[in-house]
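Enquirer: Any chance you can model this:
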Amino acid sequence: MRLARIEPVPKRVEFITLADGSFATRPGIDLERFLDNILDIRRHIVSGHPLPEHYYRRSRGRDHLPESRGWLHLRVGHGIDDDVLLIVEQTADCVLFIGLTNHDIFKERPRGRSLLRLGSRIAKAKLPRKPVR
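Expert: Next up, the predicted model:
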């Protein structure tokens, strides 16, 4: 699913974590500084409300992450540090929070290289969930 926006329908949110249980964060970025904005994004998604525009990219140029990986980048640093981005992937019923990074992710070759190690965890999170009885 490669949309430029998060669909305004209720979806579950899943944080993709590293082997140690932590959330992937680029060195030098303090996750705690952005936690309120991350939780605000989560609240909007879970409730099915549209995300405020300030979380979306401003430029009109080509966005390679959705094309190459199916990932969106949300401006989670709004009001704190405009360089900080939350990388997410949207499925029909879920939004995966993949990692916290900055615009350097666009310079990586291949694009998103720093988060590719999470590939198997992302794939597992996208598997259909078994109904709870």
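Enquirer: biggest helix in the protein by residues?
Expert: Using DSSP state H, we find that the single longest helix of the chain is helix 31-47.
Enquirer: Outside of that one itself, which residues are in contact with it?
Expert: 6, 10-13, 23, 25, 49-52, 55, 74, 76-81, 84, 86, 95, 97, 100 (CB atoms under 8 Å, 6 or more residues apart in numbering). Yep, even glycine has a C-beta here, placed from its N, CA and C like the rest.
Enquirer: distance between it and the chain's centre?
Expert: 11 Å (CA atoms, centre = their mean, to the nearest Å).
Enquirer: for this protein, which residue is closest to the average position?
Expert: In the chain, the residue lying closest to the centroid (CA atoms, centre = their mean) is V88, at 2.0 Å.
Enquirer: Sheet partners, orientation included, of the helix or strand hosting that one?
Expert: Per DSSP states H and E: V88 is located in strand 84-90. According to DSSP bridges, strand 84-90 forms sheet pairs with strand 71-74 (antiparallel), strand 94-102 (antiparallel).
Enquirer: Nearest to T17, out of these?
Expert: When the strands paired with strand 84-90 are compared by CB to CB, strand 94-102 sits nearest T17, at 9.6 Å.
Enquirer: If I take that closest one and helix 31-47, what angle do their directions form?
Expert: Put simply, strand 94-102 runs at 160 degrees to helix 31-47, going by axes from the mean of the first three to the mean of the last three CA atoms, to 10 degrees.
Enquirer: Alright, I will stop here.
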